[in-house]
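>>> Just to be clear, the model below is a prediction. Sequence and coordinates:
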Amino acid sequence: MGTPASTVMKLVTSNTAAGPAPAGAAPAEPVPVALLARTSTLGLQDPVASLNRQIRSCQAWLPPGWYIAGYYWDIESGGLDLENRSQSDSWQQFTAAGIPRDGGMAELLTEAKAPLPRFTAVICEDIERSARDTFNALKLEKKLSREGIPLFATDEPASIEGINATTVLVRRVKQGVAEWFRLQLKEKAWKGLQEHSIAGWNIGSPPYGYAADRIPHPAPAKAAQGRTKSRLILDPARSPAVDRIFDWRVTLKLSIRAIVDRLNDDPGAYHVPAGTAGWTKTSVTKILANPKYTGHMVYGRTRTHNGTKRPVPPDQWIWSPDPVHPAIIDRDTWDAAQKTGAERGNIRHAETPAARPGRRYVLRSRVRHRDCQRRMCGTWRQSATGTTYIYYRCPHDPANPRHAAVHPDHGPVSVREDALLDAVSQFFDQYVFGHDRARLLATQLPATSAEHAQARARKEQHLRAELARIDVAERALISELETPADPADPAATAYRQRIRARYAELYSQRTHTETTLAELQAAAPPDNDPDLLDRLPHATAAFGAAPDRIKEALLAAFDIQALYSKDTDQVTIWATLTEDTPRTIAALINDPRTDSGTDNPTPGQDTFYRSAPSPIAGVTIHDDPNGAARRRH
C-alpha cells in the first residue's frame with residue numbers, strides 16, 4: 001500500500017537531483033503522496049476556487065511516478081492550534097461541489113501514525129497552507145518527520161538532498177512572514193472595527209429593542225455592490241420591554257426567573273425575541289448584560305481564541321466616547337443591573353414558585369449562625385401534637401473533621417421561623433417604619449461606622465497577607481527554575497513544566513488579589529445618611545400583617561440579614577437603605593401584583609401593601625433620595 005520512507009528518499013533523489021533516468025533503466029516505483037490544503041472563509045474569498053488552485057498546483061509539481069493518494073483539507077483559520085484543527089463541518093458544502101476529501105488535518109496526522117500509512121510524503125501549495133502560526137507549522141513538521149514522512153511545498157525542490165541549510169532558512173523566513181502577516185491583518189482589522197464602533201456603526205444583528213437603520217456603504221465600490229452599514233434606531237414595539245426589564249431588575253431587585261415569568265404573562269405587551277417561542281432566562285440575561293442600551297456603541301466584549309468565544313473583562317471593552325444612538329436606559333441603571341445578581345445572592349423572589357410545592361421559607365438565605373457564620377437552612381418539623389413548624393438550622397456537622405476542628409464546641413443549633421419573624425416584624429415597626437426611628441438610628445450610627453471600619457481593616461489585612469504568601473511561593477518557584485537542569489532528563493523537564501504551570505496559577509491569584517485590594521481601597525465608606533428614613537412612609541404592622549409574598553418583597557427591598565446567637569437566644573438584624581430603596585417601596589405600592597386579597601387595614605392605620613387596586617392614602621414616598629443608611633437592631 002505504501003512505500004517506506006527510505007525508499008522515498010532514494011526515488012526522490014534519482015528522479016530530481018540525479019537528473020533523468022538512463023535509457024533502459026527500470027521505471028521509478030510509484031510514490032503515494034497526501035495533498036494538504038487549507039482555505040479560510042473570508043467574505044471576499046471563494047473557497048472552491050482556492051482549493052481547486054491548490055490541487056492543480058500540487059499535481060503539477062509532482063515528479064514522475066508520484067501520485068496523490070489522499071486529499072486532506074479544511075475550511076478554517078491557519079492560526080488555530082494544531083490540536084484544534086478539523087473541528088468544524090464547514091467543509092461539507094464544498095465536497096458537494098465535487099472537491100475530493102479524505103479528511104482534514106486531524107485525519108492526516110492520524111493516518112501518518114498508522115503502521116502502514118496511505119502516503120509516504122505530504123505536499124502543500126505553500127508552507128503557510130499548513131499553518132499560519134510558526135509554532136504549529138514546526139509542530140506539524142516534527143510530527144510527520146517522526147513517522148519518516150517529509151513535508152514539501154510546491155515552491156521548494158522535490159528532493160531530500162535539496163533540504164539544505166538555505167532551504168530551511170527560506171522556509172523558516174516564509175513561516176515567520178506568514179505569521180507576521182496574519183497578526184498584522186488581525187491588528188488592522190481590530191483597529192478598523194474599533195473605529196467603526198466609535199463612529200456609532202453597529203456590528204452584527206441589532207439588540208432586542210432596536211432596529212437597524214441601513215445606510216449605503218461610504219466606500220463607492222462597496223456601495224455599488226449593494227453593501228450597507230447600519231446604525232441603531234428604537235423599535236417602538238419592543239424598546240418599552242427593555243426599559244421595564246431593567247426597572248424590574250434594578251428597582252424591584254427581581255430575579256431573572258421572576259422577570260421571565262412576568263414577560264411571558266403578557267406576550268401582547270412584551271413581544272418575544274425573534275425566532276423564539278417565549279421569553280427565557282438566556283434572553284433576559286443577554287439584555288441585562290448588553291451595554292448598548294445606554295446609547296453608547298460598545299465593542300470587544302468577547303474574543304475568539306482557537307475557535308472558542310471567551311468573555312473579555314469590562315475594562316477592556318471599547319466604548320464610544322458619547323452616545324451614538326437613542327438610549328433606552330442610562331449608564332447608572334446599566335451599572336446597577338450588573339451588580340444586582342451579586343447583591344441578591346441565591347434568594348428566590350417571592351413571585352417564583354418554590355421548587356417543592358408547600359415548602360416556602362420566607363427567610364431563606366437571610367439567617368446566619370453567629371459562631372460559625374454559616375447560612376442557616378430551612379426545614380420542617382412536626383410536633384407530638386401534629387403541628388408543623390418551620391425551623392432554621394445551622395449546617396455545621398460535628399462528624400466532619402474540618403467543621404469540628406474549627407468549632408469543637410459547636411452543637412446542634414436551630415431556631416423557629418415564627419420567632420425570627422416576630423423579631424423582624426418588631427424591627428420594621430420600630431426602626432424602619434416607626435415614628436421614633438430617627439432617634440433610634442442616631443444611637444446606632446457611631447457603632448455601625450466603627451464596625452464597618454474594623455471589617456474593612458480586617459479584610460485589607462487578610463488580602464495583604466495573601467499577597468505576601470503568594471510572593472514567598474513565587475520566589476521559591478523562581479529559585480527552582482534558576483537551578484540548571486539536564487534537558488535530556490524527561491523527569492526534570494516534566495518537573496519544570498509543573499513549576500511553570502504553578503507559577504501561572506500564582507500569578508493569576510496575585511492579579512485577582514491585587515485587584516480586590518485596589519477596589520477595597522478605592523471604595524468609599526458607606527455614607528450614613530439618616531435623612532433617608534424620612535423618605536419612607538410611617539406604618540404599623542406593615543410586615544407582620546403582610547402575606548408571605550409581600551414579606552419576601554420587603555425583605556428583599558431592605559436586604560434584611562439576621563445573625564442568630566444560641567447562647568443568648570438573640571438575633572441581630574441589619575437593614576440596608578440605598579437610593580433605590582424608596583423607589584422600590586413606591587413600585588411595590590403601585591404594582592398590581594402587591595394586591596394580596598388580605599383584609600382591609602384598620603381605619604386610620606397606615607400600611608404600604610395594597611388590599612385594593614387604588615393607592616393607599618397617607619403614604620408618601622419621595623423619588624430623589626441620596627446616600628445610604630444602614631441600621632442594626
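Nice, I can see it.
>>> Sketch out the low-pLDDT regions of the stretch 351-500 of the chain for me.
Within the stretch 351-500 of the chain, the stretches with pLDDT under 70 are 351-359, 445-452, 485, 487.
>>> Tell me where it has helices.
Taking DSSP state H, counting those that start in this stretch, the helices of the stretch 351-500 of the chain run over residues 401-406, 417-427, 437-482, 490-522.
>>> I'd like those helices as CSV, with distance to residue 134 appended.
For the C-beta atoms, the positions are set from N, CA and C on the backbone; glycine is no exception. Shown next, in CSV, are those (distance: least, CB to CB, whole Å):
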stretch, distance to residue 134
helix 401-406, 49
helix 417-427, 66
helix 437-482, 25
helix 490-522, 21
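>>> Of all the ones you listed, which one is nearest residue 360?
Distance to residue 360, taken as CB to CB, is lowest for helix 417-427 among those, at 10.4 Å.
>>> so what secondary structure elements neighbour the helix or strand where residue 173 lies?
Under the criterion of DSSP states H and E, residue 173 resides in helix 165-198. The elements that helix 165-198 packs onto, with contact taken as 3 or more CB pairs under 8 Å, 6 or more residues apart in numbering; DSSP states H and E, are helix 134-146, strand 298-299, strand 318-319.
>>> Could you export these as CSV, including distance to residue 453 and mean neighbour count?
As requested, those are arranged in CSV below (distance: least, CB to CB, whole Å; neighbours: other CB atoms under 10 Å):
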stretch, distance to residue 453, mean neighbour count
helix 134-146, 52, 17
strand 298-299, 37, 18
strand 318-319, 35, 17
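>>> With distance to residue 328 added, can I get those in JSON lines?
Formatted as JSON lines, those follow (distance: least, CB to CB, whole Å):
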{"stretch": "helix 134-146", "distance to residue 328": "45"}
{"stretch": "strand 298-299", "distance to residue 328": "14"}
{"stretch": "strand 318-319", "distance to residue 328": "16"}
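>>> re the thing from before, can you tell me which of the helices of the stretch 351-500 of the chain is most buried?
helix 417-427 (a mean of 18; mean count of other CB atoms under 10 Å).
>>> ok, residues contacting it?
Contacts to helix 417-427, defined as CB atoms under 8 Å, 6 or more residues apart in numbering, come from residues 361-363, 367, 378, 389-392, 541, 543-544, 551, 555, 560, 562, 564, 571, 573, 575, 633.
>>> List the contacts of the closest residue to residue 397 other than its chain neighbours.
Of all residues not flanking residue 397 in the chain, residue 403 sits nearest, at 5.1 Å (CB to CB, 6 or more residues apart in numbering). By CB under 8 Å, 6+ apart, the contact list for residue 403 reads 372, 396, 397, 410.
>>> still on that earlier bit, looking at the helices and strands packed on helix 165-198, which is nearest to residue 274?
Residue 274 lies closest to strand 298-299 among the helices and strands packed on helix 165-198, at 21.5 Å (CB to CB).
>>> Please identify the pairing partners of the closest one and their relative orientation?
Its sheet considered, strand 298-299 pairs with strand 318-319 (antiparallel) by DSSP bridges.
>>> Distance from the strand it pairs with to the middle of the chain?
18 Å (CA atoms, centre = their mean, to the nearest Å).
>>> For residue 183, find the nearest of the helices of the stretch 351-500 of the chain.
helix 490-522 (22.8 Å).
>>> just checking, what packs against the closest one?
helix 437-482.
>>> hmm, back to that, where's the residue nearest to residue 397 relative to residue 566, distance?
According to CB to CB, to the nearest Å, residue 403 stands 16 Å off from residue 566.
>>> what about this protein, any weak spots by pLDDT?
Using pLDDT under 70, the chain drops low at 1-28, 41-45, 157-164, 305-307, 342-359, 445-452, 485, 487, 523-531, 589-633.
>>> separation between the nearest residue to residue 533 once chain neighbours are set aside and residue 301?
Of all residues not flanking residue 533 in the chain, residue 437 sits nearest, at 5.3 Å (CB to CB, 6+ apart). Applying CB to CB, the value for residue 437 to residue 301 is 44 Å.
>>> Isn't residue 69 up against residue 117?
No. Between residue 69 and residue 117 there is no contact under CB atoms under 8 Å: 9.2 Å.
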